[in-house]
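1. coords please:
(one chain, ligands or ions: 2)
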Amino acid sequence: MKKNILITGGAGFIGSHVVRLFVTKYPDYHIFNLDALTYAGNPENLKDIENAPNYTFVKGDITDEKFVPVLFKTHNFDGVIHLAAESHVDRSITDPFAFIRTNVFGTCNLLNAAKNAWKENYEGKRFYHISTDEVYGALEFDGSFFTEETSYDPHSPYSASKASSDHFVRAWHDTYGLPVVVSNCSNNYGANHFPEKLIPLAIHNIKNNKPIPVYGKGENVRDWLWVNDHARAIDLIFHKGINGETYNIGGHNEWTNIDLIKKLCEIMDRKLGREPGTSAQLINFVKDRAGHDLRYAIDASKLQRELGWEPSLQFEEGLDKTVDWYLSNQEWLDNVTSGNYQKYYASQYEER
Ligand code: NAD
Ligand code: DAU
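-> Ligands and ions are numbered 1, 2, ... in the order given. Below is the predicted model of the structure:
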């Protein structure tokens, strides 16, 4: 069936995998990728599909109150998959207002544009909001999990802004009847991950013999999921999820940061032909992140039970693939770390 789908934030890490999946899997859909190309947005992530006939890149800001409604009017979208966000916790500590603007106000601007464009007939429409497990706060080392019923308890400006956006999405559903679904996912890893985040930062630093900054004692736990498995879950929830429902997505794959970094060091020693133990000497314990959540762990059994989703890849295989991707895409990494991609794309995409 022909559909026009708006994906926001498609030039970022997860968004680029979702855009590629939809463009290649659904030739009848036309995918519009709305992205402001902040520091985290890089159209090079989508070089392989940028000329596909069913793909259009739109440079624009989700907070733009004039442009977003016009975009909805022009393209008569059937669905929205909303990923655009400020996504890095450390940045939210130094610049919280950028997170409030994009994650809260930008989400409300999209919700309102969707409501106004669709309100005569919501049939067949869907607004899918991509959120995070961080809205649930932090767990102790007690074997507990976040479920869809866990109360919200965000601690960082990032997680508070995402929690707020989730509440607004549900408010537009409950108040205006907007057909929405929400998913809350654990930490993703894989190709095209911006090297401010732990895994790509560590790979980059190990490769370049630079210290690997580990916050505090490295005892914090994250639940890691391969980004392509998140994209598969998004596809499934977009097509088969039930309006008004929330789905948790996770890898059932908990690692302390220090064990993860040691595993990465082992893989890098092997791939770079270094003596075992060489890269681990780069581990550098540094001051802890303010308000650092101790442990995240997702119970994804609802998604498995109701829609049949499971992760496809074991973590060690995924890490291995991820390291291979970074080692064979040195140019991507160099462009990102030097900021060159921003200069190049600024000259390619005109401001509207
Ligand atoms: P990212 O930072 O890599 O990409 C964000 C994208 O949004 C970039 O392309 C950026 O240019 C764009 N963007 C930012 N502000 C914008 C604005 N005002 N208007 C239009 N575009 C804008 O983020 P990511 O890691 O790919 O995360 C994508 C989404 O998934 C976010 O909503 C995030 O909260 C959520 N999420 C991420 C993870 C994770 O592990 N990375 C886990 C769970 C949920
Ligand atoms: O849980 C999902 C979330 O995962 C997403 O919503 C966020 O967008 C995404 O950025 C990620 O948040 P984290 O804060 O968990 O990811 P980050 O890679 O920044 O950090 C992972 C862990 O590693 C965390 O405990 C902090 C620690 N860390 C991070 C960095 C950047 C370090 O020890 N050293 C570092 O240099």
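
2. Model confidence for residue 342, exactly?
-> With respect to pLDDT, residue 342 scores 75.

3. Helix, strand, or coil at it?
-> Judged by DSSP: H, G, I helix; E, B strand; the rest coil, the three-state class of residue 342 is helix.

4. Now do the contacts for it.
-> 37, 39 (C-beta atoms under 8 Å, 6 or more residues apart in numbering). Backbone N, C-alpha and C define where each C-beta goes, glycine included.

5. cool, residue 114 as well?
-> By C-beta under 8 Å, 6+ apart, the neighbours of residue 114 are 72, 77, 80, 125, 127, 172, 178.

6. Tell me which stretches of the protein form strands.
-> All strands of the chain, identified by DSSP state E, fall at 3-8, 29-35, 55-59, 79-82, 126-132, 180-185, 187-189, 212-215, 221-226, 246-249, 254-256, 283-286.

7. So what's the residue count around whichever residue of the chain sits closest to ligand 2?
-> For the chain, the residue closest to ligand 2 is residue 132, as judged by C-beta to the nearest ligand atom, at 3.1 Å. Residue 132 has 24 neighbours, counted by other C-beta atoms under 10 Å.

8. next one: residue 244
-> Residue 244: 14 neighbours (other C-beta under 10 Å).

9. Kindly report the same for residue 53.
-> Residue 53 is flanked by 8 other residues according to other C-beta under 10 Å.

10. Could you check how far it is from residue 28?
-> 11 Å (C-beta to C-beta, to the nearest Å).

11. cool, residue 247 as well?
-> Residue 247 sits 25 Å away from residue 28, taking C-beta to C-beta as the criterion.

12. which of the two has more neighbours?
-> Legend: neighbour count by other C-beta under 10 Å for residue 247 and residue 28, higher for residue 247 (22 against 8).

13. okay but the more buried one is in contact with residue 237, surely?
-> Yes. Here residue 247 reaches residue 237: they are 5.4 Å apart, a contact under C-beta atoms under 8 Å.

14. what sits in contact with each of those two?
-> By C-beta under 8 Å, 6+ apart, the residues touching both residue 247 and residue 237 are 181, 183, 303, 307.

15. hang on, the third one packs against residue 246?
-> So the one you mean is residue 303. No. With contacts counted by C-beta under 8 Å, residue 303 stays clear of residue 246, the gap being 10.1 Å.

16. quick check, stretch 98-116 touching ligand 2?
-> No. Stretch 98-116 lies apart from ligand 2 when judged by C-beta under 6 Å from any ligand atom; the minimum separation is 10.2 Å.
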